[in-house]
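Visitor: okay, sequence plus prediction incoming.
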Amino acid sequence: MTQSSKFCPTWVEGHLRLAGIDSRMIALLKSIAQCGSITQAAKQCGLSYKGAWQIIERANNSSPKILVSTATGGSKGGGTCLTEAGQSLVDIFFNLENQHNQFVKQLNLELAKNPDACLLLQHLAVKTSVRNQLFGTVSAIVTGAVNVQVTVELTGGDRVVADFGLEMLGSLDLSVGTDAVLLINSTDIALVLDDGHMSFSASNCLACKIIRLQQDEINCEVSVLLPGGEILTSVITTQSLEKMALKIGLPVIAIFKANAPILGVL
């Protein structure tokens, strides 16, 4: 199954404006046509009464024909309605908006057929408060009685193991070859000096080098570069920084447990 047959991600977005008229003005005109009241129309559109009146005045003043007709007092208590020109404008806008939406949808469908565009855009589209994001492909899935271990191969060939509850496996719809993202908190990543002789019990040990240090009185953010170009950030104490004599360019190993990464699918 191709990616475009699964779903059509909305990467291309656009809002229609017609001669300076946006969807907010059209929504107000449509609400006026439905309820015959500026007060009620303003409430439906989330506008103040004053704000609605300002939009109506601008619309009427900018148009060669009156778009909104208002009446006050009288035996029927007054009212507000769209003129023929106002209704025509609403119809024109919604017709164009439908065509506009179809055009944007087609652009997204075309992008979804391009593997290179999908790889680039789906990574850029991920928004999260977690500092570290690693992208890769699921290369192995090992299920146990309680937990499941999923191995994700990164761009540069490094492998990261993520361990989570077996009950989550079905909801993620995982299989070998699935594109995945790993989210790792900076505080879950430890750094050790790479002397080429040490071994560790942690599931994830990634060789890397320091490319950035940002220090305050208590903590230090250490950014490291993986062979594939991925960047991880670890937060350590300033005391640890000084004790290890960390500096830019120094080779280190980033270590974190299998239960540290949060796994997501793309």
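Guide: That came in fine, so what should we check first?
Visitor: so Gly157 touches Glu230, yeah?
Guide: No. The pair Gly157 and Glu230 does not pass the contact test of CB atoms under 8 Å, sitting 11.1 Å apart. C-beta coordinates here come from the backbone N, C-alpha and C atoms, glycine included.
Visitor: more neighbours: which of the two?
Guide: Glu230 (21 against 10; other CB atoms under 10 Å).
Visitor: tell me the confidence at that one?
Guide: Glu230 carries a pLDDT value of 87.
Visitor: skipping adjacent residues, who's closest to it in space?
Guide: Excluding its sequence neighbours, the residue lying closest to Glu230 (CB to CB, 6 or more residues apart in numbering) is Leu134, at 5.6 Å.
Visitor: Gly156 is in contact with the one you found, correct?
Guide: No. Between Leu134 and Gly156 there is no contact under CB under 8 Å: 10.3 Å.
Visitor: joint contacts of these two?
Guide: Glu230 (CB atoms under 8 Å, 6 or more residues apart in numbering).
Visitor: quick one, which of the two is more surrounded?
Guide: Leu134 (21 against 13).
Visitor: tell me the bridge partners for the more buried one.
Guide: For Leu134, the beta-bridge partners are Leu182 (DSSP bridges).
Visitor: for Asn204, see how far away it is.
Guide: Applying CB to CB, to the nearest Å, the value for Leu134 to Asn204 is 10 Å.
Visitor: which residues are in contact with both of those two?
Guide: Common neighbours of Leu134 and Asn204 (CB under 8 Å, 6+ apart) are 160, 261.
Visitor: any idea where the helices of the protein begin and end?
Guide: 3-6, 23-35, 38-45, 49-62, 84-112, 115-124, 169-172, 238-244 (DSSP state H).
Visitor: mean pLDDT for these: which is lowest?
Guide: Among the helices of the chain, helix 3-6 carries the lowest mean pLDDT (a mean of 40).
Visitor: export the helices of the chain to CSV and tack on distance to Lys209 and mean neighbour count?
Guide: Shown next, in CSV, are these (distance: least, CB to CB, whole Å; neighbours: other CB atoms under 10 Å):
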stretch, distance to Lys209, mean neighbour count
helix 3-6, 34, 13
helix 23-35, 50, 19
helix 38-45, 55, 18
helix 49-62, 56, 15
helix 84-112, 35, 15
helix 115-124, 23, 13
helix 169-172, 33, 12
helix 238-244, 14, 13
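Visitor: nearest to Asp179, of the ones you listed?
Guide: helix 115-124 (7.3 Å; CB to CB).
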